[in-house]
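>>> Compute the structure for the input listed below.
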Amino acid sequence: MLSGRLFLREQQAKARACRRSGVKSWGSWRFQLNLVDAGALQKFNENLEVQSMRKYVRLFALAVLAGAAIGIGGIVFLSLENKIVGALMFTAGLYSICVHGLNLFTGKVGYAVEQPKSYIIDLVIIWVGNLAGTWLAAMGVLGSRINGISEKAQSMCQIKVDDSLISLFILGIFCGALMYIAVEGYKQTKNPLILFVCVAGFILCGFEHCIADMFYVSVAQMWSTRAFLCVVVISLGNAVGGMLIPACKKI
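Purely as a prediction, here's the structure:
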C-alpha cells in the first residue's frame, strides 16, 4: 500500500512540474497512463492489506477455537478418576481440531521446517490464540457447578512449577514428537486411532503439552511469572520435538 502511494505522489509531482514549466516532453497520454497504473497499484496493495488482515483474523479465531477444544479435553480429563480413560477421552479435543481444521500450535509447529520464515508470525498468533481459547474455557468452568476440578488442576500445576526448566523442556520434546506423529498420521490415513494412541501415550507418560498446560494453569488460577516461564519452555520443547522428524527427513 505504501509503495502505491509513493508511486502516485511521484507521478503527481512530475505532472505539476510539467504544468509549471510548460514542457510537453512527458506527454499527456503517458501521464494519464501512469496515473491509471498508480491507481491500480494502490488498489492492488490495499486489497493485499485487507486479505492479509483477514488471514490473521481467521488464523487467530481458529486458534482460539483450538485452545477451547483442548480446554474441553482437559475438562474431561480432570473430571474422570480413571487416568487411562481420562487420557483417551482427552483426545476428543485434538480429534475436533483435526476434523474442523482448527489451528493448534503443537499441531502446526512441526511443519515450520517446510515453511518460509514468515510462518513464525503465524505460529506466534496461533500460540496467543490458543492461550486465549484455553483461558476462556477455564473461565467458563470456574463459573459453573463443575468448578471443583480446579483443585485437581492445582495439584497438577504445582508439580509443573516445582519442576526444573530442563526437565520441562525435555518432557516437552517428547510430547511435541508424539503430537507431530499424531497429526501427520491422521493427515495421511484419516484414521483417528493414531490420535488416541499418541495423545493417551503422552498423558500417561507425563510428557508436557504447552496448550493443555495453559488450560490447567488457567483453571487452577495459578498464573505467575514462574508459571508463564514454564509454559514458554514447554512450548519451545514442543517445537523442537515437533520439528525433529520433518527436519531429519530433509537431511
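
>>> only C-alpha atoms for contact and neighbour calcs from this point on.
Fine.

>>> Run through the neighbouring helices and strands of the host helix or strand of residue 107.
Assigned by DSSP states H and E, residue 107 falls within helix 105-108. Using 3 or more Cα pairs under 8 Å, 6 or more residues apart in numbering; DSSP states H and E as the contact test, the elements touching helix 105-108 are helix 119-142, helix 165-189, helix 210-220, helix 225-249.

>>> Sketch out the low-pLDDT regions of the chain for me.
When residues are selected by pLDDT under 70, those of the chain lie in 1-50.

>>> roughly how far apart are the spatially most central residue of it and residue 76?
Computing the C-alpha centroid of the chain and ranking residues by Cα atoms, centre = their mean puts residue 126 first, at 1.8 Å. Distance of residue 126 to residue 76, given as Cα to Cα, to the nearest Å: 23 Å.

>>> go on, residue 145?
Taking Cα to Cα, one finds residue 145 at 14 Å from residue 76.

>>> between these two, who's got more neighbours?
Taking neighbours as other Cα atoms under 10 Å, residue 145 and residue 76 compare with residue 76 leading, 20 against 8.

>>> That one sits in which helix or strand?
With DSSP H and E as the criterion, residue 76 is inside helix 28-79.

>>> immediately after that helix, which helix or strand?
helix 83-100.

>>> Pull out the buried positions in that following helix.
In terms of neighbour count (16 or more other Cα atoms under 10 Å), helix 83-100 has its buried residues at 86-98.

>>> what sits against the nearest residue to residue 80 once chain neighbours are set aside?
Leaving out its chain neighbours, the residue that sits closest to residue 80 by Cα to Cα, 6 or more residues apart in numbering is residue 86, at 5.6 Å. By Cα atoms under 8 Å, 6 or more residues apart in numbering, the residues touching residue 86 are 76-80.

>>> Now restrict those residues to buried residues only.
Buried among the contacts of residue 86 by 16+ other Cα under 10 Å: 76-79.
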